[in-house]
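Engineer: Show me the folded form of this:
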Amino acid sequence: GLCLEWGMPPVFRHVCFDLDRTLVGDSGLHLRPGMRELLEALAGEGVELSLWTASIRECAMEILRRHRIESLFRHVVFRDDYDPEGAGHAKDISYLNADLLVDDSPKHIEFVRKKGRAGFLITPFVDRGTKPPKEELRSLREMILGRTGGG
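Structural biologist: From the prediction side, this is the model:
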């Protein structure tokens, strides 16, 4: 049949990801299974990707470089930028004009929703031993792109 979904713009044009327990496990040594493929697919569809992390710049950049994903993010907000004292300030993604926050913290998801933005609460990825639900990234991809298929 006819593919009516072809050429549709993404539902969310700018997505902001958390780093620890969202993209990588606690040690920063392991990328969440399937995450690289998801980020590359979204970037390939023209979705603008940002990173908003409670990690300090030095640590976060080391992790991004280790996994060779730093080039995928247009903007990166570090703890140094929004919460230098580590007081637990909220991730105000409207500052980046992002549409959606992907984070493992219910607090941050609740905050962005109160601000009228979308949030996707992801299962915390602790490290290699943990197996986050595989279908979760598929659901996230479908939510962002507004269509099924692929990956």
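Engineer: where does this structure dip in pLDDT?
Structural biologist: 1-7, 149-151 (pLDDT under 70).
Engineer: which residues does the residue sitting nearest the centre point of the chain form a beta bridge with?
Structural biologist: Nearest to the mean C-alpha position of the chain, counting by Cα atoms, centre = their mean, stands F17 at 2.3 Å. Bridge pairing for F17 (DSSP bridges) gives the partners L51, V102.
Engineer: if I pick it, what's in contact with it?
Structural biologist: Each residue near F17 by Cβ atoms under 8 Å, 6 or more residues apart in numbering is listed here: L23, L39, L49, S50, L51, W52, F73, L101, V102, D103. Backbone N, C-alpha and C define where each C-beta goes, glycine included.
Engineer: In contact with the first one, which residues?
Structural biologist: In other words, L23. By Cβ under 8 Å, 6+ apart, the neighbours of L23 are F17, L31, R32, M35, L51, H67, I69, F125.
Engineer: how about those residues in TSV, adding distance to S139 and secondary structure?
Structural biologist: Shown next, in TSV, are the contacts of L23 (distance: Cβ to Cβ, whole Å; DSSP: H, G, I helix; E, B strand; the rest coil):
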residue	distance to S139	secondary structure
F17	15	strand
L31	19	strand
R32	14	coil
M35	14	helix
L51	21	strand
H67	22	coil
I69	21	coil
F125	15	coil
